[in-house]
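**Q** Generate a structure from the sequence data that follows.
(one chain, ligands or ions: 2)
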Amino acid sequence: MRNLADVPVTDLKGVGPKNAERLARLGIGSVQDLLFHLPVRYQDRTRVVPIGSLRVGQQAVVEGEVELSEVRFGRRRSLLVRIADGSGGITLRFFHFSAAQKANLARGCQLRCFGEVRRGPNGYELIHPEIQYMADDAALQSDGRLTPIYPTTEGMHQLTWRDLTERSLALLGDGGLEELLPREVRRELGLSPLSDAVRLLHRPPADQSARLLSEQGHPAQRRLALEELLAHQLSLRMLRRQQRRRGAPAMHGDGHLRRALSASLPFALTGAQQRVLDELLADLARPHPALRLVQGDVGSGKTVVAALAALNAVEAGYQVALMAPTELLAEQHHANFVGWFDPIGVEVGWLSGRSKGRRRQAILDRLADGSLHVIVGTHALFQDDVAFDRLGLVVVDEQHRFGVHQRLALREKGAAGQVPHQLVMTATPIPRTLAMTAYADLDLSVIDELPPGRKPVSTVVINDQRRDQVVERVALACREGRQAYWVCTLIEESDALQAEAAEVTANALGEALDGIRIGLVHGRLKPREKEAVMLAFKAGDIDLLVATTVIEVGVDVPNASLMVIENAERLGLSQLHQLRGRVGRGAQQSHCVLLYHPPLGGVAQERLAVMRETGDGFEIARRDLEIRGPGEVLGTRQTGEMQFRIADLLRDQDLVPQVQQLADRLIREHPESVTPLMRRWIGERARYASV
Ligand code: ADP
Ligand code: MG
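**A** Ligands and ions are numbered 1, 2, ... in the order given. Down below sits the predicted model:
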């Protein structure tokens, strides 16, 4: 028996170069791939429905005798065929037909038809139904199975799919699909053999629920989803193990820098911050590279925790790199770190894509000779010519923008034979099940407590026809000494257009608001200009800061207590949550006004309602996942990471805990099944494991 993973689809009759190419477009190369290409839904064509009992919209099989067949020349030429079965009659309508087809539908023919019932000018109709002649017997017999409908691509008809899967199933036999889940595991979990599940899903017996199958909730579907999720989990685990096997500096700082910073902070760490810091310090003390994800809602105080961990590395004589996804966020971190570290005598360097020439070289030299201990920057830190003397810790402020690979790239910059510890911070929380899957290569810490005294931001959603009233409200707030943000959004990604729009808004607001000091910040400003504006805002020399979404992350001005977001309907939930997180940081009650431009689409309406209802980042993340799906939430849809053939992270999230246990168990008790599982489900994409 040949393993169907090794049998190319071109071995199947009916797969020539054209179909092979179409299949390849769907990632189908082998017969096994074809068998894992499962129907999206099913139709029950096994029961013949009396014509008299049909309802509009119903998809049904009917049988009847042709009473009348005529061509009508109306607006469109059509062939109308009237059939009846004693319980009633119905019209079949064809717009495209040949003379031969017409001749074959003559009075007296016995037909079986499948189609959707529509209302026509003279009673019910089936438009272009599928037809079988009851005279040619064999095809006629219903095989007692539900009819599968496959996801398809241009040029591949359902009949072709049915034909190809039929041929594949014929090859399946007993061992065509290797059983990779150990027998005892299958027995305990009550999982059917893989071949049975696949056979059932392609040709379900009519006694199975078409609805359950179409909702992808059938045990056979869940069994395949489980296996696929398991393979994914295993690949990330293997990656993690591979990484952990390497050496890393065990860092035991003496604590003098951490004590100095703690003493200078105007606050004490929250319990959650302290707990997560302890977890980080324990990681850093081990001689194997830590890989830890720190999650915490906007404003939960992740930065200071990272700073304290960084100081531990510096105390132990190692270098630290902190990387952020955008220039502005990196600048904020740089400013924060300088503010904290300068007074205690720890220098902080800066490296971004804009660092050029002699200044860049000076930084590179000092990283290479080890005289600079802390560096903050953007992706520029990944570049090949950036070399470290004793890099011990990498902190990535991720915001879902870095993929697994990028995450790993900085790790290769450790001292000879050693891998730096790595700490990833996410700016927006991810639901736990999703985090456990997407970040299965990382340990998870959650800062699940906000600093004391934070008040929820009261949020209103307002039609932009009332923009003038909102402007008035901003004026009032500013005159009372409060500070405000006015955020301009634009669909275009272009920095230039966004900058222009923000400029126009700033000018208009300047004219409308007498005596109010207005600042402007957008992505086109030079870093130094941006910094100057932000500093002025922080110092209270600017009342109203007009900004593009560049202030989405990291910006921290506690006295700002009002935020207006224009065209809020254009932004996603996590972006809105990030933006709103810029207010509500000080003692006074904060407000957020979400201005929208009508008409408001359904999804946008839903998003804005979520924003009005809750300020809890984890809840918002959960709703976001429901609205957008995992690929979008994780930002991996484009990269192809986390794409599943059968599993659906949202639908199958309840499987995740089981998948995790199973992954542990397989690695422990059945290590021989690990590689084949990864190869089957991740295949060429097994890059996680190959890193
Ligand atoms: P995020 O987790 O969103 O990155 P930040 O690290 O920017 O949050 O912290 C938000 C604000 O809260 C900053 O002004 C920070 O100084 C302050 N902060 C952090 N920890 C505490 C604490 N334990 N008590 C009071 N304020 C804190
Ligand atoms: Mg932050």
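**Q** Run through the stretch 351-500 of the chain and note the low-pLDDT ranges.
**A** 399-411, 414-417, 427-428, 491-495 (pLDDT under 70).
**Q** contacting residues around the closest residue to ligand 1 within it?
**A** The stretch 351-500 of the chain approaches ligand 1 most closely through Pro451 (3.3 Å), counting by Cβ to the nearest ligand atom. Any C-beta I mention is one placed from the backbone N, CA and C, and that applies to glycine too. The neighbourhood of Pro451, defined by Cβ atoms under 8 Å, 6 or more residues apart in numbering, consists of Phe267, Thr270, Gly299, Ser300, Gly301.
**Q** Where do the strands of the stretch 251-400 of the chain begin and end?
**A** In order along the chain, the stretch 251-400 of the chain carries the following strands (DSSP state E, counting those that start in this stretch): 291-296, 319-323, 348-351, 374-377, 391-397.
**Q** can you put these in CSV and add mean neighbour count and distance to Lys455?
**A** Output for those, formatted as CSV (neighbours: other Cβ atoms under 10 Å; distance: least, Cβ to Cβ, whole Å):
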stretch, mean neighbour count, distance to Lys455
strand 291-296, 24, 18
strand 319-323, 26, 30
strand 348-351, 22, 32
strand 374-377, 25, 31
strand 391-397, 27, 26
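**Q** okay if I get those as TSV plus distance to ligand 1?
**A** Compiled in TSV, the strands of the stretch 251-400 of the chain are given as follows (distance: least, Cβ to the nearest ligand atom, whole Å):
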stretch	distance to ligand 1
strand 291-296	5
strand 319-323	12
strand 348-351	16
strand 374-377	14
strand 391-397	8
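**Q** quick revisit: compare the contacts of Pro451 and tell me which has the most neighbours.
**A** When neighbours are counted by other Cβ atoms under 10 Å, Ser300 leads these with 24 neighbours.
**Q** Tally up the residues packed near the nearest residue to it once chain neighbours are set aside, please.
**A** Setting aside the residues directly before and after it, Ser300 is nearest to Ile447 in space (Cβ to Cβ, 6 or more residues apart in numbering), at 4.4 Å. Residues near Ile447, counting by other Cβ under 10 Å, number 24.
**Q** I'd say Ile447 and Gln274 touch.
**A** No: Ile447 lies out of contact with Gln274 (Cβ atoms under 8 Å); the separation is 9.9 Å.
**Q** so where's the chain shaky on pLDDT?
**A** Along the chain, the parts satisfying pLDDT under 70 run over 1, 135-142, 399-411, 414-417, 427-428, 491-495, 552-555, 630-642, 684-691.
**Q** which residues touch Asp541?
**A** Arg517.
**Q** where's it relative to Ala103, distance?
**A** Counting by Cβ to Cβ, to the nearest Å, the gap from Asp541 to Ala103 is 88 Å.
**Q** Pretty sure Glu606 sits in a helix.
**A** Yes: assigned with DSSP: H, G, I helix; E, B strand; the rest coil, Glu606 falls within a helix.
**Q** in the stretch 51-200 of the chain, what residue is nearest ligand 1?
**A** Closest approach between the stretch 51-200 of the chain and ligand 1, counting by Cβ to the nearest ligand atom: Leu189, at 39.7 Å.
**Q** Count the neighbours of that residue for me.
**A** Leu189: 12 neighbours (other Cβ under 10 Å).
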